[in-house]
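# One predicted model, sequence on top.
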Amino acid sequence: MKMITVLLIITAVLTALIAGLFYAYSCSVVLGLGKLSDPEYLKAVQNINREILNPVFFMSFMGTAILLPVSAFLFRSEQPVFIFLLLATFSYLIGVFGVTVVGNVPMNNLLDQFDISNSTTDAIKQMRDNFENRWNFLNNIRTVFSVITIALVVCACIWNKEV
């Protein structure tokens with residue numbers, strides 16, 4: 001097996017891990033969090049947002065952002081593999097990475113600065129109301145685009161002739 005194919009497989013695995021993370025979050029975690037009271041919800045999300053900032057997450061999240069364009073470049077002379085990887089790169093960088101950086105991260109940072117223990121019940125409710133639906137909507141966008149991305153990478157793997 002050629003190294004370029006190994007790189008494509010690693011790219012596919014990292015992409016699948018991220019798609020799985022966002023998918024699992026959309027269809028289970030947010031549903032469970034939604035059942036919590038306002039203070040419990042905010043505290044739980046603060047903790048999740050702090051804990052996800054770890055090397056394993058960054059390896060898959062940033063690794064995908066790096067390996068998709070690298071893979072596309074390396075397969076630039078292989079059609080249709082290149083087209084699939086190019087589309088996957090745009091899908092990930094805009095719909096997953098971009099939405100995360102421009103949407104979810106600023107919201108996470110704002111929530112992280114919110115002092116639950118010294119806030120009124122109304123302030124806590126307002127914070128949740130301003131956060132939950134918008135954050136979940138953005139996460140659903142990331143989920144859809146990460147699934148599109150992995151589907152495109154799987155197509156690239158299927159059409160890859162560089163074995």
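Structure received. Numbers count the residues shown, from 1 in each chain.
# low pLDDT regions in this protein?
163 (pLDDT under 70).
# Please repeat the previous calculation with a cut-off of 90.
Residues of the chain that meet the criterion pLDDT under 90 lie in 1, 161-163.
# In it, what residue spans correspond to strands?
Ranges of strands in the chain, per DSSP state E: none exist.
# so where's the longest helix in it?
If you go by DSSP state H, the chain has its longest helix at helix 121-159.
# For that helix, list every residue counted as buried.
The neighbour-count check on helix 121-159 (16 or more other CB atoms under 10 Å) flags 124, 127-128, 131-132, 135-136, 138-153, 155-157 as buried. Just so you know, the C-beta spots here come from the backbone N, C-alpha and C atoms, and that holds for glycine as well.
# what packs against that helix?
Contacts defined by 3 or more CB pairs under 8 Å, 6 or more residues apart in numbering; DSSP states H and E place helix 121-159 against helix 3-24, helix 30-34, helix 38-51, helix 55-74, helix 81-90, helix 99, helix 105-113.
# hmm, try it at 7 Å
helix 3-24, helix 38-51, helix 81-90, helix 99, helix 105-113 (3 or more CB pairs under 7 Å, 6 or more residues apart in numbering; DSSP states H and E).
# Among those helices, which comes closest to G63?
Closest approach to G63 among the helices and strands packed on helix 121-159 is made by helix 3-24 (4.7 Å; CB to CB).
# Not counting that closest one itself, show me its contacts.
60-61, 63-64, 67-68, 71, 74, 96, 139, 142-143, 146-147, 149-150, 153-154, 156-157, 160, 162-163 (CB atoms under 7 Å, 6 or more residues apart in numbering).
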